[in-house]
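[1] Sequence first, then the predicted structure, then my questions.
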Amino acid sequence: MLAVNFTTLRDNMKTYMDKITDDYETMIITRKDNKNIVMLSEESYNNMMENIHVMGNKSNYDWLTESKTQLENGMVSMHDLFEVGADE
């Protein structure tokens with residue numbers, strides 16, 4: 001996580017924005033009176049919101065937890081995939 005003050009960010013906006021998007025960094029922009037701002041890429045934001053949605057639903061969370069447990073315990077099976085033509 002990066003932390004810069006507003007003036008430094010303003011003077012180097014493109015550099016910091018590139019670092020946030022290219023390196024998946026999160027940045028805290030420090031301001032007076034502790035009115036700080038967090039800056040992150042749209043991709044990181046969307047991932048975070050999706051995780052909140054999935055993990056916020058108890059049935060989804062329970063299903064994911066059970067699936068993880070099954071995987072860790074070797075309860076998996078392999079299947080061949082068959083391609084189906086458009087006319088079938």
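    Alright, I've got the coordinates.

[2] how far away is Glu43 from Met27?
    Glu43 sits 15 Å away from Met27, going by C-beta to C-beta, to the nearest Å. The way it works is simple: take the backbone N, C-alpha and C, and place the C-beta from them, glycine included.

[3] With neighbour numbers in mind, choose between the two.
    Neighbours were counted for Glu43 and for Met27 using other C-beta atoms under 10 Å; Met27 has more, 18 against 11.

[4] Residue ranges in this structure under the pLDDT threshold?
    87-88 (pLDDT under 70).

[5] residue boundaries of the helices in it?
    6-11, 13-22, 42-56, 58-72 (DSSP state H).

[6] Pull the last one out as CSV, backbone CA atoms only.
    Yep, that's helix 58-72 we're talking about. Below are the C-alpha coordinates for helix 58-72, written out as CSV (Å, rounded to 0.1, in the frame of the first residue of the first chain):
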residue,chain,number,x,y,z
LYS,A,58,-24.5,-17.1,3.8
SER,A,59,-25.6,-19.9,1.4
ASN,A,60,-22.9,-18.8,-1.1
TYR,A,61,-20.3,-18.7,1.6
ASP,A,62,-21.3,-22.1,3.0
TRP,A,63,-21.2,-23.6,-0.5
LEU,A,64,-17.7,-22.2,-1.2
THR,A,65,-16.4,-23.4,2.2
GLU,A,66,-17.8,-26.9,1.6
SER,A,67,-16.2,-27.0,-1.9
LYS,A,68,-12.9,-25.9,-0.5
THR,A,69,-13.0,-28.6,2.1
GLN,A,70,-13.9,-31.2,-0.5
LEU,A,71,-10.9,-30.1,-2.6
GLU,A,72,-8.5,-30.2,0.3
